[in-house]
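Asker: task: produce atomic coordinates for the following.
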Amino acid sequence: HVQLVESGGGSVQAGGSLRLSCAASGYTISTYCMGWFRQAPGKEREGVAYIDSDGSTRYADSVKGRFTISKDNAKDTLYLQMNSLKPEDTAMYYCARGRGGRWSSGWVYWGQGTQVTVS
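Answerer: Alright, predicted model coming up:
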């Protein structure tokens, strides 16, 4: 039974930082691509950052240089370090597991989300 549980969201002032975590269970994250997505009210869900099974990373242009995706395979946990937060980063953030080891394989499992609010 695959489960993804996000934590670490909250309210922060512009310029501040947050670190999101996603605890995975039911499988080993080292085998699959993992990603962070976000959805703001009235907007479509967008990919924020991905990390392939080999550790390769990709970022949306809007977060490059501010966000860092990482994972701890031993703990089966995914992270998103978010620095220099802007009001436009306000959204519900979701972690997801890929179908395979590459981000291009598609996404099959999703967490419930954690809210990030930047004022």
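
Asker: so which strand or helix has the spatially most central residue of the chain?
Answerer: For the chain, the residue sitting closest to the mean C-alpha position, by CA atoms, centre = their mean, is W36 at 2.3 Å. If you go by DSSP states H and E, W36 is part of strand 34-39.

Asker: neighbours around the closest residue in space to T57 that isn't next to it in sequence, how many?
Answerer: Nearest residue to T57, sequence neighbours excluded (CB to CB, 6 or more residues apart in numbering): I51, at 5.1 Å. Placement of C-beta: from N, CA and C, glycine included. I51 has 24 neighbours, counted by other CB atoms under 10 Å.

Asker: in the sheet, who's paired with I51?
Answerer: As for beta bridges, I51 partners with M34, T57 under DSSP bridges.

Asker: go on, C95?
Answerer: W36.

Asker: who's in contact with it?
Answerer: L4, E6, L20, C22, M34, G35, W36, F37, L78, L80, W110, G111 (CB atoms under 8 Å, 6 or more residues apart in numbering).

Asker: hmm, the residue nearest to the centre of the chain is touching T57, no?
Answerer: No - using CB atoms under 8 Å, W36 is not in contact with T57, being 10.8 Å away.

Asker: give me the common contacts of these two.
Answerer: A49, Y50, I69.

Asker: who wins on neighbours among the residues you listed?
Answerer: When neighbours are taken as other CB under 10 Å, the top entry among these is A49 (24 neighbours).

Asker: got the confidence number for that residue?
Answerer: Here, the pLDDT recorded for A49 equals 98.

Asker: from W110, how far out is it?
Answerer: In this view, A49 and W110 are 15 Å apart by CB to CB, to the nearest Å.
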